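> Pasted the sequence and its predicted model underneath.
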Amino acid sequence: MSAPPLIEITDPADPRIAEFVSIKERDLTGRQGRFIAEGTVVLTMLARAHLAGGGVRAEKILLLKNRVEGLSALLETFPADVPVYVAEGAVLDAIAGFHLHRGVLAIGKRVEPPALAVQVAALPAHSLVLVGCGISNHDNIGSLFRNAAGFTADAVLLDETCCDPLYRKALRVSVGSVLTIPYSRQGSAEALLGTLAEAGFEIWALSPSGTVEIGEIMPGERVALVMGTEGEGLPASILDRFRSARIAQAAGLDSLNVGTASGIALYHLARTMGRLG
């Protein structure tokens, strides 16, 4: 596959790159199902997701002109119908609305996932799922996806109160894992967990007040690990309904960061389930 032809942009107001204008402002107002992929690592994951033929597609790429040569091999992995625009530094900064030191941007689009019940039914018989409830911090969402990828989770399921994992910072923190791991963000936490329970999932809610130490769990074939927001944690309605686990830690420490805690717990579950080498 040859690299798509390069199209030079000299005017920041060029309508062909309108989606890249004032990136931070558009982060707040939304992109109607589209997202910004920023940096080489995320662009690589976007190429991988696009070629996999799933629900993610690349639409256009915008690069700092002096980055093109070093990215030529990566650009060749994109289909020829994905336009590649290039610009000098001053023009690129004017488009983005700030100094873009990475010099690598792309616009992607994700197809809406199927209904939750359909997505859960499609999971394999031996499954590990990470569930997020009420997580509104983009760094934490990104960390959840990065850990899910690192510890072989089959999906990340978020309730409707979680922030959008396609937000630019969440994507960057996840090192692009948001683009390759099946996920959904829909429904209430109670409905989400009820759907998993009906599908035979063993549900473990992680909390400092959990009744079982995480290292003592011997998981079954279908397991869901549930993470709540930092500070408030998971609501009592979830902790009372499902089994709960804790991570042993130093006395006097309130709790671990969501990203750290999910990494520790996923590592134990994945290793015990025989999913790690």
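Thanks, I have the structure now. Residues are numbered from 1 along each chain as shown.
> Looking at this structure, which strand is longest?
Under DSSP state E, the strand in the chain containing the largest number of residues is strand 56-64.
> May I have the strands that pair with that one, each with its orientation?
Looking at strand 56-64 with DSSP bridges, its partner strands are strand 84-87 (parallel), strand 104-110 (antiparallel).
> Out of those strands, point me to the one whose mean pLDDT is lowest.
Across those, strand 104-110 has the smallest mean pLDDT, namely a mean of 93.
> how far is the helix or strand following that one from where the chain is centred?
Downstream of strand 104-110, the next assigned helix or strand under DSSP states H and E is helix 116-121. Taking Cα atoms, centre = their mean, to the nearest Å, one finds the center of helix 116-121 at 19 Å from the center of the full chain.
> can you pull the pLDDT of G55?
The predicted local distance difference test score for G55 is 86.
> Which residue is the nearest non-sequential neighbour of it?
Here the nearest residue to G55 in space, its sequence neighbours aside, is V111; by Cβ to Cβ, 6 or more residues apart in numbering that works out to 3.9 Å. Just so you know, the C-beta spots here come from the backbone N, C-alpha and C atoms, and that holds for glycine as well.
> any idea how far L130 is from that neighbour?
Computed with Cβ to Cβ, to the nearest Å, the distance linking V111 and L130 is 21 Å.
> and the residue nearest to G55, how many neighbours?
For V111, the tally of surrounding residues (other Cβ atoms under 10 Å) stands at 10.
> before we move on, what about the one 10 residues further on?
Residue crowding around A121 was assessed by other Cβ under 10 Å; the count is 12.
> OK, contacts around it?
When contacts are counted by Cβ atoms under 8 Å, 6 or more residues apart in numbering, A121 is found next to A199.
> same thing but at 10 Å, please
A121 makes contact with 114-115, 195, 198-199, according to Cβ atoms under 10 Å, 6 or more residues apart in numbering.
> And A94, by the same measure?
11-13, 21, 87-88.
> all strands of the chain, in order?
With DSSP E applied, the chain shows strands at 6-8, 34-38, 56-64, 84-87, 104-110, 127-133, 155-158, 183-185, 202-206, 212-213, 222-228, 243-246, listed in chain order.
> okay if I get these as CSV plus mean neighbour count?
Formatted as CSV, the strands of the chain follow (neighbours: other Cβ atoms under 10 Å):
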stretch, mean neighbour count
strand 6-8, 14
strand 34-38, 22
strand 56-64, 21
strand 84-87, 21
strand 104-110, 22
strand 127-133, 25
strand 155-158, 26
strand 183-185, 21
strand 202-206, 22
strand 212-213, 12
strand 222-228, 26
strand 243-246, 18
